[in-house]
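S.K.: how would this look folded up:
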Amino acid sequence: MAGTPLRMLGFHQHAEANVISFSAAISACEKGQQWEQALQLLETMLWLGVEANIITFNAVLSALEKAALWRLALDFLEVPTGSRGFLTPGIHDMMT
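M.R.: This next block holds a predicted model:
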């Protein structure tokens, strides 16, 4: 797992990966103007089966806004949601 977004942000093998820890890491990416890293974390989060919440969603949107990536932010708003209204996998398609 060396070199993965989780490892780079200080997540360790024994750390609990949950919506709170992911949202905090995505928020840190937003503050550090690392929008690509924020999207990678969101993708990893969803791949691991951790459901995003409104805090996660807002942190990603804020990261895109701070990078002046308005078109990408609008695309992000159109990402399909699951049955509970949260994002589903496919975030990497936005970055291509």
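
S.K.: just checking, next helix/strand downstream of the lowest-mean-pLDDT helix or strand in the chain?
M.R.: Lowest by mean pLDDT, DSSP states H and E among the helices and strands of the chain is helix 5-8, with a mean of 56. Counting by DSSP states H and E, the next helix or strand C-terminal to helix 5-8 is helix 19-31.

S.K.: now the element after that following helix, going C-ward?
M.R.: Moving toward the C-terminus from helix 19-31, the next helix or strand (DSSP H and E) is helix 35-47.

S.K.: show me what counts as buried in that next one.
M.R.: The neighbour-count check on helix 35-47 (16 or more other CB atoms under 10 Å) flags 35, 37-46 as buried. Any C-beta I mention is one placed from the backbone N, CA and C, and that applies to glycine too.

S.K.: same question, stretch 50-68
M.R.: Across stretch 50-68, burial judged by 16+ other CB under 10 Å covers 50-53, 56-57, 59-64, 67.

S.K.: re earlier: of the buried residues of helix 35-47, closest to Ala24?
M.R.: Relative to Ala24, the closest of these is Leu41; by CB to CB it sits at 10.1 Å.

S.K.: SS state for the closest residue in space to Asn18 that isn't next to it in sequence?
M.R.: Of all residues not flanking Asn18 in the chain, Val50 sits nearest, at 6.2 Å (CB to CB, 6 or more residues apart in numbering). Following DSSP: H, G, I helix; E, B strand; the rest coil, the label given to Val50 is coil.

S.K.: what about Trp35, distance to Val60?
M.R.: Trp35 sits at a distance of 8 Å from Val60 (criterion: CB to CB, to the nearest Å).

S.K.: cool, and Glu16?
M.R.: According to CB to CB, Glu16 and Val60 sit 21 Å apart.

S.K.: shaky segments in this protein?
M.R.: Counting by pLDDT under 70, the chain has low-confidence residues at 1-15, 79-96.

S.K.: Ser21: how many residues sit nearby?
M.R.: 17 (other CB atoms under 10 Å).

S.K.: I am finished for the moment; much appreciated.
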